[in-house]
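>>> Provided below are the primary sequence and the corresponding predicted coordinates.
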Amino acid sequence: MAFYTVSNVENLRVCVVMVGLPARGKSFIAQKIVRYLSWLSIKAKCFNVGNYRRQSGSGHPNAEFFDFNNTEAFGIRQKAAEQAVADMMAWYERENGVVAILDGTNTTRERRDWILKICREHAIEPMFLESWSDDMDMVLRNISDVKKSSPDYEGIDPEVATNDFLKRISKYEKVYEPLDHELDKNLTYVKLINVAQEVIINRIQTYLESRVVFYVMNLHIRPRCIWLSRHGESLYNVEKKIGGDSWLSERGFRYSYKLPDLVKQSAGDADLTVWTSTLIRTQQTAQELPYKQLHWKALDELDAGVCDGMTYEEIEEKYPGDFKARDENKYEYRYPGGESYRDVVIRLEPIIMELERQENILIVTHQAVLRCIYAYFMNVPQEESPWMSIPLHTLIKLEPKAYGTKVTRIKADVPAVSTYKEKGTSQVGESTQDGTKFRNILLNLPESSK
Ligand SMILES: Nc1ncnc2c1ncn2[C@@H]1O[C@H](COP(=O)(O)OP(=O)(O)OP(=O)(O)O)[C@@H](O)[C@H]1O
């Protein structure tokens, strides 16, 4: 069966060319786009010119290296850009790449024209994405967040590093030609001004490009947290049945009474909004939480179709072919009359978009849905995400950082059955043998890990 994504419907290849002075969040935006598109099964990869420059041996340059009159250094930087572009083109061809992101400053029109020409020669749609900011407080925060710890400044005093980085920025400012309404009117571009205070978009032609634009328009960089919890143990969990709309078990209700304290312990007095599914077990789990609540149909559990309400043993007996097919490709397998993990990801896209826009959110939902949301934030590949073990009666805290997400797990001291089913068996519960290599992705995390 063929699965269509936005990319293969349009048969399109896009190169997102980042533009902007250092410390304007280009790498941050580039990595987020790659994570978002990969989660949607669109093949995407980032090519960071700075990494190529470092690989060429220019690992710890000072600001003078970035002076545009320094011809020797300019040659090294030009070579790094050429190498990044060559690898990017090879990636489109060899790996059927769809969206590449060229992450560099690309501050001069001459450099952008060079990239434009190469893209046109290879039938690739160039889309320029500029991050522009005159908010010096934010720039200083960015330098403090990520630049002082960059490999360029390894072993260098943080204050010296900050001053040198500011000097580096001033070297770029001398030659910077921002995207211009008149001069660049024929280009496809997006210009983000002070994150997304103002967004200028020009000549966006395809659906894929418009998706990227919509995504970056919704990003913010204010600190916040997302908490995830499965519903408390349900009557169906105890009976080893999947699906349904059952009530919580007695232990499930005990978890719901403990949850407010668990959240308070993690969130302090911060205000947050609770999102649940429309099913009874998530709403019962959230009923004691003293926060605003919203119920989303999109957060309902993966629909098991004709198998809804059955145990895995019954499914194996009644539908042995389906049982096997699901184990073989759990991400793509769709229950007859129901859904696959891929279907769930597609219906979760508006949830992810809204999560990007929001501040503190606590989501109480179901195992499969949680796996998909967790996979987005933690960049877990599709073939692994359906096999992740996410235990009941555990609160997970996600803290998005500049380049990644910090995870903390808080276990409630309330016992619950394990609903985890390993590959190749109809029995639920974690075995002592590592039957499925991915099952411990969450279990093995230390209490707090980055
Ligand atoms: N649109 C934005 N504008 C300004 N800062 C942003 C934006 N998006 C993210 N940031 C912040 O930028 C910081 C990361 O900077 P990043 O390394 O991505 O900058 P860069 O532009 O790639 O710099 P360089 O060119 O030196 O690699 C993070 O602290 C992040 O919060």
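Good, I have the coordinates. Numbering: from 1, shown residues only.
>>> From the ligand, how far off is the closest residue to Arg35 other than its chain neighbours?
Distances taken as C-beta to C-beta, 6 or more residues apart in numbering put Asn379 closest to Arg35, at 5.3 Å, once the chain neighbours are dropped. Glycine gets a C-beta too; all of them are placed from N, C-alpha and C. Remark: distance between Asn379 and the ligand (C-beta to the nearest ligand atom, to the nearest Å) = 16 Å.
>>> Show me what secondary structure element comes after the helix or strand where Arg120 lies.
Taking DSSP states H and E as the criterion, Arg120 maps to helix 109-121. Next along the chain after helix 109-121, taking DSSP H and E as the criterion, comes strand 125-132.
>>> related to what we said a few turns ago, can you mark which positions in the helix holding Arg120 are buried?
For helix 109-121, burial by neighbour count (16 or more other C-beta atoms under 10 Å) applies to 109, 111-112, 114-116, 118-119.
>>> Show me what whichever strand or helix holds Lys45 packs onto, helices and strands only.
Here Lys45 sits within strand 44-48, counting by DSSP H and E. Contacts defined by 3 or more C-beta pairs under 8 Å, 6 or more residues apart in numbering; DSSP states H and E place strand 44-48 against helix 26-39, helix 71-95, strand 99-103.
>>> is any part of the helix or strand just after it close to the ligand?
Sequence order places helix 49-55 as the next helix or strand after strand 44-48, per DSSP H and E. Yes. Applying C-beta under 6 Å from any ligand atom, one finds that helix 49-55 is in contact with the ligand at Gly50.
>>> quick one: average pLDDT of helix 49-55?
For helix 49-55, the mean pLDDT works out to 94.
>>> Pull out the buried positions in that helix.
Neighbour-count burial for helix 49-55 [16+ other C-beta under 10 Å]: 49-54.
>>> Nearest to the ligand among the residues you listed?
Gly50 (5.5 Å; C-beta to the nearest ligand atom).
>>> For the closest one, give its distance to Gly75.
Distance check for Gly50 against Gly75: by C-beta to C-beta, to the nearest Å, it reads 16 Å.
>>> cool, Ile115 as well?
18 Å.
>>> what do you get for Thr408?
Per C-beta to C-beta, Thr408 is found 47 Å from Gly75.
>>> the more surrounded of those two?
Neighbours were tallied for Thr408 and for Gly75 using other C-beta atoms under 10 Å; the higher tally belongs to Thr408 (17 against 10).
>>> Note down every partner strand of the host helix or strand of the more buried one and its orientation.
Element membership of Thr408, judged by DSSP H and E, is strand 404-411. On the basis of DSSP bridges, the sheet neighbours of strand 404-411 come out as strand 394-401 (antiparallel), strand 448-449 (antiparallel).
>>> pLDDT averaged over it, what's the number?
pLDDT averaged over strand 404-411 gives 93.
>>> Any part of it near the ligand?
No. Counting by C-beta under 6 Å from any ligand atom, the ligand is not contacted by strand 404-411; separation bottoms out at 11.4 Å.
>>> what angle sits between that strand and helix 26-39?
Counting by axes from the mean of the first three to the mean of the last three C-alpha atoms, to 10 degrees, strand 404-411 lies at 60 degrees to helix 26-39.
>>> tell me which residues of strand 404-411 are tucked away?
Those would be 405, 407-410, for strand 404-411 by 16+ other C-beta under 10 Å.
>>> Now the two most distant members of the residues you listed.
Spatially, the most separated pair among these is Thr405 and Ile410, at 15.9 Å (C-beta to C-beta).
>>> Check the stretch 201-350 of the chain for the residue nearest the ligand and tell me.
Closest point on the stretch 201-350 of the chain to the ligand, by C-beta to the nearest ligand atom, is Ile221, at 3.9 Å.
>>> Near the ligand, which residues of the chain? Just list them.
With C-beta under 6 Å from any ligand atom as the criterion, the chain meets the ligand at residues 20, 22-29, 50, 105, 131, 133, 138, 142, 145-146, 192, 195, 221, 402.
>>> ok, Pro178 touching Asp134?
No. Using C-beta atoms under 8 Å, Pro178 is not in contact with Asp134, being 10.9 Å away.
>>> joint contacts of these two?
Counting by C-beta atoms under 8 Å, 6 or more residues apart in numbering, no residue touches both Pro178 and Asp134.
>>> Could you check which of these two is surrounded by more residues?
More crowded of Pro178 and Asp134, by other C-beta under 10 Å: Pro178, with 16 against 8.
>>> Any figure for the gap between the residue lying closest to the more buried one once chain neighbours are set aside and Glu198?
Nearest residue to Pro178, sequence neighbours excluded (C-beta to C-beta, 6+ apart): Trp132, at 5.9 Å. From Trp132 across to Glu198, the span is 9 Å (C-beta to C-beta).
>>> Which one's more surrounded, those two?
Legend: neighbour count by other C-beta under 10 Å for Trp132 and Glu198, higher for Trp132 (17 against 10).
>>> residue contacts, the more buried one?
Trp132 neighbours (C-beta under 8 Å, 6+ apart): 20, 24, 178, 191-194.
>>> which residues in the stretch 301-450 of the chain form helices?
For the stretch 301-450 of the chain, applying DSSP state H, counting those that start in this stretch gives helices covering 312-318, 320-328, 341-357, 367-378.
>>> What is the neighbour count of Asn106?
21.
>>> swap that for Gln78, please
By other C-beta under 10 Å, neighbour count at Gln78 equals 13.
>>> Ok, Trp387 next?
When neighbours are defined as other C-beta under 10 Å, Trp387 has 22 of them.
>>> distance of it from the ligand?
Counting by C-beta to the nearest ligand atom, the gap from Trp387 to the ligand is 32 Å.
>>> so that residue makes contact with Tyr420?
No. In this structure Trp387 lies outside contact range of Tyr420 using C-beta under 8 Å: 9.0 Å.
>>> Listing request: residues of this protein with sub-threshold pLDDT.
The chain contains residues with pLDDT under 70 at 1-10, 148, 430-450.
>>> How is it divided into domains?
Domains of the chain are assigned by automatic domain parsing as 14-217, 226-411.
>>> Adding distance to Gly424, write these out as JSON lines.
Conversion of the domains of the chain to JSON lines gives the following (distance: least, C-beta to C-beta, whole Å):
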{"stretch": "domain 14-217", "distance to Gly424": "25"}
{"stretch": "domain 226-411", "distance to Gly424": "6"}
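>>> List phi and psi for Ser41.
When read as degrees, to the nearest 10, the backbone of Ser41 gives phi 70, psi 30.
>>> Next, count neighbours for it.
For Ser41, the count of nearby residues is 20 (other C-beta under 10 Å).
>>> try Lys264
Using other C-beta under 10 Å, Lys264 is surrounded by 13 other residues.
>>> Chain neighbours aside, what residue packs nearest to His60?
Asp152 (6.1 Å).
>>> With Arg222 instead?
In this structure, Arg222 finds its nearest non-sequential neighbour in Glu359, 6.6 Å apart by C-beta to C-beta, 6+ apart.
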